[in-house]
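Student: Just need the structure, nothing else, for what follows:
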Amino acid sequence: MESSVPRERKTMAPNSQSALKRWLMLPVEYFQIYGAFFLFGAGGILFTLFSAILYPILPRESGARFGRAMMARVFRFYLFLVTKLGTFKADLSALDALRNEPGLIIAANHPGLLDAVLVISRLPCVVCIMKAEIWDNIFLGGGARLAGYIRNDTAVNMVRLAADELRRGQQLLVFPEGTRTRAKPINDFKGGFALIAKRAHVPIQTVFIETDNPCLSKGWPFSKKPVMPVTFHVRLGKRFEVNGDVGDFVSDLEAYFRSELPPAK
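Tutor: Down below sits the predicted model:
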């Protein structure tokens, strides 16, 4: 006679289930991150080709306005796509308060590769100062030239062009660190942005870009998969006027940024 005692069911251990789930999600996560990189590259090439056609046709002033507005739309659409993809998540609403303010320098920290994309996506009239290698880059160069962004080749020329744009009522995006942050919370500041502000007689609005992930930071290998979604949060800081010695102002502003941003863990 068979026993009426029910047989024990073998179940997978919780740790094994978790490991299997992580393994099954790997292809999805790699698609999310490399899909985002592919979209950025492909979109950059298409916009560069489009801009190369328009650049010799449009008058410089109206062409620059059109290029800046298009750059903002392209970046905003890109962020929409990668948010839907689940790669990134960004809260940029604080920047909307600056949208219609003329003659303003926007000074932000620089934790990652997408910082300019984040800011430009919300501010369609902003002008950027770009390194020569980015200006010549196949993904961004054509759009940068059409938008009238400022090439950082010589300091004297860069200061003059930036001050002229500000006097015409444009906004100027600068990263006082000069490059992406190497040592948290920030790198030492360069002084060119303060000289521009003093020469153009415009205020400096501080902006803090915060992220929970080192993805796209200086030294981050593209082959390394981050935890997704990578989140970004942008908040506004204080507004400053450059009075007195430029070097003293830069030191004080750097100290303010250090006090507002979390130190390295």
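Student: Show me what the helix or strand containing Leu166 is packed up against.
Tutor: Element membership for Leu166, per DSSP states H and E: helix 155-167. For helix 155-167, the packing partners by 3 or more Cβ pairs under 8 Å, 6 or more residues apart in numbering; DSSP states H and E come out as strand 126-131, strand 150-152, strand 171-174, helix 192-200. Where you see a C-beta, it was placed from the backbone N, CA and C, and this is true even at glycine.
Student: Quick check: which of these has the most neighbours on average?
Tutor: Compared across these, strand 171-174 shows the largest average neighbour count, a mean of 23 (mean count of other Cβ atoms under 10 Å).
Student: That strand pairs with which strands?
Tutor: Its sheet considered, strand 171-174 pairs with strand 104-108 (parallel), strand 126-131 (parallel) by DSSP bridges.
Student: so where's this protein uncertain?
Tutor: 1-26, 265 (pLDDT under 70).
Student: Pick out the residue nearest the middle of it.
Tutor: Residue closest to the mean C-alpha point of the chain, counted by Cα atoms, centre = their mean, is Asp115 at 1.3 Å.
Student: Check which residues of stretch 36-48 are buried.
Tutor: Ala36, Leu39, Phe40, Gly43, Gly44, Phe47, Thr48 (16 or more other Cβ atoms under 10 Å).
Student: The second one reaches Tyr78, doesn't it?
Tutor: Yes: using Cβ atoms under 8 Å, Leu39 is in contact with Tyr78, at 6.3 Å.
Student: Next one: the closest residue to Ala147 other than its chain neighbours relative to Ala52, how far apart?
Tutor: With Cβ to Cβ, 6 or more residues apart in numbering as the criterion, Ala147 has its nearest non-adjacent residue at 3.5 Å, and that residue is Gly67. Per Cβ to Cβ, to the nearest Å, Gly67 is found 11 Å from Ala52.
Student: From Ile204, how far out is Tyr249?
Tutor: I think there's a mix-up here, since residue 249 is Phe and not Tyr. 9 Å.
Student: and for the two, which residues touch both?
Tutor: Ala194, Phe240, Val242 (Cβ atoms under 8 Å, 6 or more residues apart in numbering).
Student: Distance to Trp135 for the residues you listed - can I get that in JSON lines?
Tutor: Formatted as JSON lines, the shared contacts of Phe249 and Ile204 follow (distance: Cβ to Cβ, whole Å):
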{"residue": "Ala194", "distance to Trp135": "23"}
{"residue": "Phe240", "distance to Trp135": "28"}
{"residue": "Val242", "distance to Trp135": "27"}
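Student: shouldn't the residue nearest to the centre of the chain be in contact with Ile106?
Tutor: No: using Cβ under 8 Å, Asp115 is not in contact with Ile106, being 11.2 Å away.
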